[in-house]
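S.K.: Let's see this in three dimensions:
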Amino acid sequence: SYAIGREAKDPLNHVSKYTLALSGQREDSSSRRDAFSMTLRETLQRLLSAGKNVVFVHDIPEAPFHPRECLSWSPNQFVTRVQRKECSYPADYHVSWEAEFRPFLSGILKKFPQVAQIDPGPLFCNETRCVVKAAGNLLYRDFDHLSIFGSKWLAGRLIGQSDKVIDFRSATDDVNLVTR
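M.R.: Just a heads-up that it's a prediction; the model follows:
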């Protein structure tokens, strides 16, 4: 089993049929949320029953514009793209994007208090702005996928500051992932 949050929160109808394969049986679900919830619970239960230490990593913030807008580009004398003045966006966008999905997800994870959580959001966003570019490099390759640089940047911040950044409290507590 596997579960990806996009199927539950993406407003676009990318998936035409909600069929899951759980425990060797096929089960139809009436909604993306039901499919995601069922699959995530089954996956967590299987991993925990097998004695695994489970860490749930929340999604990275999704940019409201394509990161390439942060780059100027002139392939020839006829075509020019002027880069955005600011390669960041209001943190409220991230908060509103997660407003519906995060409580739904928290409701599932609360049933599994032994699952640790990592929320990379605070590494990208402070109280007012979320970054798309760092050290002169793009963190994203598109709206919701990290670039190679962005992946290394995030990994370095998580690993290098794990004692300050990752709070491995249970899912029943508020997860606080902040940089100092």
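S.K.: low-confidence ranges in the chain?
M.R.: 1-30, 77, 160-180 (pLDDT under 70).
S.K.: What segments of it are strands?
M.R.: 19-22, 25-28, 55-57, 88-90, 116-118, 129-131, 133-134, 137-138 (DSSP state E).
S.K.: For the fifth one, which strands pair with it and how are they oriented?
M.R.: Counting by DSSP bridges, the strands paired with strand 116-118 are strand 55-57 (parallel).
S.K.: Please state the offset of the partner strand from the chain centre?
M.R.: Computed by C-alpha atoms, centre = their mean, to the nearest Å, the chain-centroid distance of strand 55-57 equals 10 Å.
S.K.: Please apply the same query to stretch 132-146.
M.R.: 14 Å.
S.K.: Can you tell me what sits against that stretch?
M.R.: The contact list for stretch 132-146 (C-beta atoms under 8 Å, 6 or more residues apart in numbering) reads 59-60, 62-68, 70-71, 87-89, 124, 131, 147, 149-150, 153-154. Every residue, glycine included, has its C-beta placed from N, CA and C.
S.K.: Quickly note the distance from the closest residue to Phe56 other than its chain neighbours to His58.
M.R.: Of all residues not flanking Phe56 in the chain, Gln117 sits nearest, at 4.9 Å (C-beta to C-beta, 6 or more residues apart in numbering). Distance from Gln117 to His58, counting by C-beta to C-beta, to the nearest Å: 7 Å.
S.K.: Comparing those two, which shows the higher neighbour count?
M.R.: Remark: of Gln117 and His58, Gln117 carries more neighbours, 23 against 18, as counted by other C-beta atoms under 10 Å.
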